[in-house]
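> Let me see the structure of the following:
(chains A and B)
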Number of protein chains: 2
Amino acid sequence: MKPLRQNQDETTQGQHKEEHFMAPDLIRDIVIGMADGLTVPFALAAGLSGTVSNTGLVVIAGVAEIAAGSIAMGLGGYLAARTDREHYLSELERERREIRELPDREREEVADILRQWSLPEETVQSAVDAISQDSDRWVNFMMKYELGLEEPEPKRARNSSLTIGLSYIAGGIIPLSPYLFVQHANAALVISVIVTLIALFVFGYVKGRFTGSRPGKSAWQTALVGGVAAGIAFAIAKLIS
Amino acid sequence: MKPLRQNQDETTQGQHKEEHFMAPDLIRDIVIGMADGLTVPFALAAGLSGTVSNTGLVVIAGVAEIAAGSIAMGLGGYLAARTDREHYLSELERERREIRELPDREREEVADILRQWSLPEETVQSAVDAISQDSDRWVNFMMKYELGLEEPEPKRARNSSLTIGLSYIAGGIIPLSPYLFVQHANAALVISVIVTLIALFVFGYVKGRFTGSRPGKSAWQTALVGGVAAGIAFAIAKLIS
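The predicted structure follows:
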């Protein structure tokens, strides 16, 4: 399977169009939100289990964390995406103004970008002529190769943030659910550790499949981050209580 | 001040080299970690304040969250950066193999990338000749314009993850500190809300300065995400307790 990383996805040229279908983006967002949702509420609940015996309080703290984390990720991500888009549009406006007001300097910038590939000077000039013939083409070239900016898709950003936020909630429910059904915190912790590590392995594996890294490695790394976070949260909470 | 966004920073061409100095990256990482560290521990502490009157427990939960969040962000970010680098190197290896084994197809891919800018065919051919003359140049061109991949800097990724993780801890201490000095949770909450909203405004402002968005807007958006997260965490915790 070919890697489907977001950055690559967005900047890949036309010849790979056939790989742009919707499912992987959706799955990637679900996996990102879930893997994070599994990690932090898991570690928090584990940390509290070391100091309180009442699972009711672990559940309240866990639910508060899931609410906070999903909003920070979802709303925060959505606002960041909107800012990215505004930034793109203001840079686009600036490039449009520059090719109107300082066409010679902008032609020279196109030439500089092409010269770094050691093209013969007459090829550079002919390419600059062709690119600067059409102002949209010219501006697109500058946005892409001078500034390294691709046009953000606002609708995808909104859907993506919503999916990540909801998946964070779904992920957070997994480590927390044992505390709902088992009365004593230590017993619930054991079940939570087993269930969550398995879930982190599975999500790490799926994440690896969709981000271009080796699935097995992604699986143990995802579980490692969750395990280390939970272990340290547990130790610190024990220490200060 | 010119925007210094990471993505742009990494893909900007040579003519803007003068903007690549270290301070903004460091400041950006500090602000990213701190803004997140302010948000989630703040909201968690606020949520718990609605249900427990003892600040000791709020502090334990808050510290456990800070430990978990900073490890998820720091260690998680570091491992993701390492995966990115491995992905880059494996793609590099693949491109190297492809220009060796399928040079005609790879020449055609270079030509296709250039043709999208409506260059005359003889200019395209002359450019393809120049680019494919040197195998490093050819591979770099494919990495950059076919795959949209820039070489990740491993050292910067490690430093960046460490800075973000530590800043998350520093940020988290701000909303939590009132609970250390004030005995009753409700009183501590009021101080925490005031102190944290001011801190979120300041960090949002600084973040805006270093990410190319309007600082004033970034300030209220950062405070909004924190405020909404805290408000909802508080309401939910009250509801289920």
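
> now the helices for chain A?
Counting by DSSP state H, the segments of chain A that form helices are A:6-11, A:22-49, A:55-101, A:103-115, A:121-132, A:135-141, A:154-181, A:185-211, A:215-240.

> Report all helices and strands that the third one contacts.
In this case it means helix A:55-101. Counting contacts by 3 or more Cβ pairs under 8 Å, 6 or more residues apart in numbering or on different chains; DSSP states H and E, helix A:55-101 packs against helix A:22-49, helix A:103-115, helix A:135-141, helix A:154-181, helix A:185-211, helix B:22-49, helix B:55-101, helix B:215-240. (C-beta placed from N, C-alpha, C; glycine too.)

> Serialize those to CSV and add fields for mean neighbour count and mean pLDDT.
Shown next, in CSV, are the helices and strands packed on helix A:55-101 (neighbours: other Cβ atoms under 10 Å in any protein chain shown; pLDDT from 0 to 100):
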stretch, mean neighbour count, mean pLDDT
helix A:22-49, 25, 85
helix A:103-115, 17, 90
helix A:135-141, 17, 89
helix A:154-181, 20, 92
helix A:185-211, 20, 91
helix B:22-49, 25, 85
helix B:55-101, 21, 89
helix B:215-240, 20, 92
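
> To residue B:115, which of those lies closest?
helix A:135-141 (12.1 Å; Cβ to Cβ).

> quick one: contacts of that closest one?
A:92, A:95-96, A:99-100, A:106, A:110, A:113, A:131-132, B:117-118 (Cβ atoms under 8 Å, 6 or more residues apart in numbering or on different chains).

> Go again with 7 Å.
Applying Cβ atoms under 7 Å, 6 or more residues apart in numbering or on different chains, the contact partners of helix A:135-141 are A:92, A:95-96, A:99, A:110, A:131-132, B:117-118.

> List the residues that contact residue A:65.
Applying Cβ under 7 Å, 6+ apart, we find residue A:65 in contact with A:40-41, A:44, B:44, B:65.

> The most far-flung residue of chain A relative to its centre: what's it in contact with?
Distance from the centre of chain A peaks at residue A:122, with 42.9 Å (Cα atoms, centre = their mean). Residue A:122 makes contact with no residue, according to Cβ under 7 Å, 6+ apart.

> From residue B:125, how far out is it?
13 Å (Cβ to Cβ, to the nearest Å).

> List the contacts of the spatially most central residue of chain A.
By Cα atoms, centre = their mean, chain A has its centre lying nearest to residue A:32, at 6.6 Å. Neighbour list for residue A:32: residue A:164 [criterion: Cβ under 7 Å, 6+ apart].

> quick one, which of the helices of chain A is nearest to residue B:232?
Here helix A:55-101 is closest among these (Cβ to Cβ), at 5.0 Å.

> That closest one: how far from the chain's middle?
Averaging C-alpha positions (Cα atoms, centre = their mean, to the nearest Å) puts helix A:55-101 11 Å from its chain's average.

> and the angle for that helix with helix B:22-49?
Comparing the axes of helix A:55-101 and helix B:22-49 via axes from the mean of the first three to the mean of the last three Cα atoms, to 10 degrees yields an angle of 150 degrees.

> any idea of the angle helix A:55-101 forms with helix A:103-115?
120 degrees.

> For residue A:109, which non-adjacent residue is closest in space?
Of all residues not flanking residue A:109 in the chain, residue A:146 sits nearest, at 6.0 Å (Cβ to Cβ, 6 or more residues apart in numbering or on different chains).

> pLDDT at that neighbour, what is it?
Note for residue A:146: predicted pLDDT of 84.

> Hmm, it is touching residue A:111, no?
No - if you go by Cβ atoms under 7 Å, residue A:146 and residue A:111 don't touch, sitting 11.6 Å apart.

> Overlap of the contact sets of these two?
With contacts defined as Cβ under 7 Å, 6+ apart, no residue is adjacent to both residue A:146 and residue A:111.

> re the thing from before, would you mind giving the helices and strands packed on helix A:55-101 as CSV with distance to residue A:225 added?
Below are the helices and strands packed on helix A:55-101 laid out as CSV (distance: least, Cβ to Cβ, whole Å):
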stretch, distance to residue A:225
helix A:22-49, 6
helix A:103-115, 39
helix A:135-141, 39
helix A:154-181, 13
helix A:185-211, 8
helix B:22-49, 16
helix B:55-101, 5
helix B:215-240, 22
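
> is any part of stretch A:200-208 close to chain B?
No - Stretch A:200-208 is not in contact with chain B by Cβ under 7 Å from any Cβ of the partner chain; minimum separation 8.4 Å.

> Contact partners for residue A:199?
A:38, A:174.

> ok, now how distant is it from residue A:34?
8 Å.

> Residue A:66 now?
From residue A:66 across to residue A:34, the span is 12 Å (Cβ to Cβ).

> Nearest to residue A:218, out of the helices and strands packed on helix A:55-101?
With Cβ to Cβ as the measure, helix A:185-211 is the member of those nearest residue A:218 (2.8 Å).

> Please list the outside residues in contact with stretch A:234-241.
A:46-48, A:50-51, B:60, B:63-64, B:67.

> Pipe those residues into JSON lines and attach distance to residue B:206 per row.
Formatted as JSON lines, those follow (distance: Cβ to Cβ, whole Å):
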{"residue": "A:46", "distance to residue B:206": "34"}
{"residue": "A:47", "distance to residue B:206": "30"}
{"residue": "A:48", "distance to residue B:206": "33"}
{"residue": "A:50", "distance to residue B:206": "36"}
{"residue": "A:51", "distance to residue B:206": "35"}
{"residue": "B:60", "distance to residue B:206": "30"}
{"residue": "B:63", "distance to residue B:206": "25"}
{"residue": "B:64", "distance to residue B:206": "28"}
{"residue": "B:67", "distance to residue B:206": "25"}
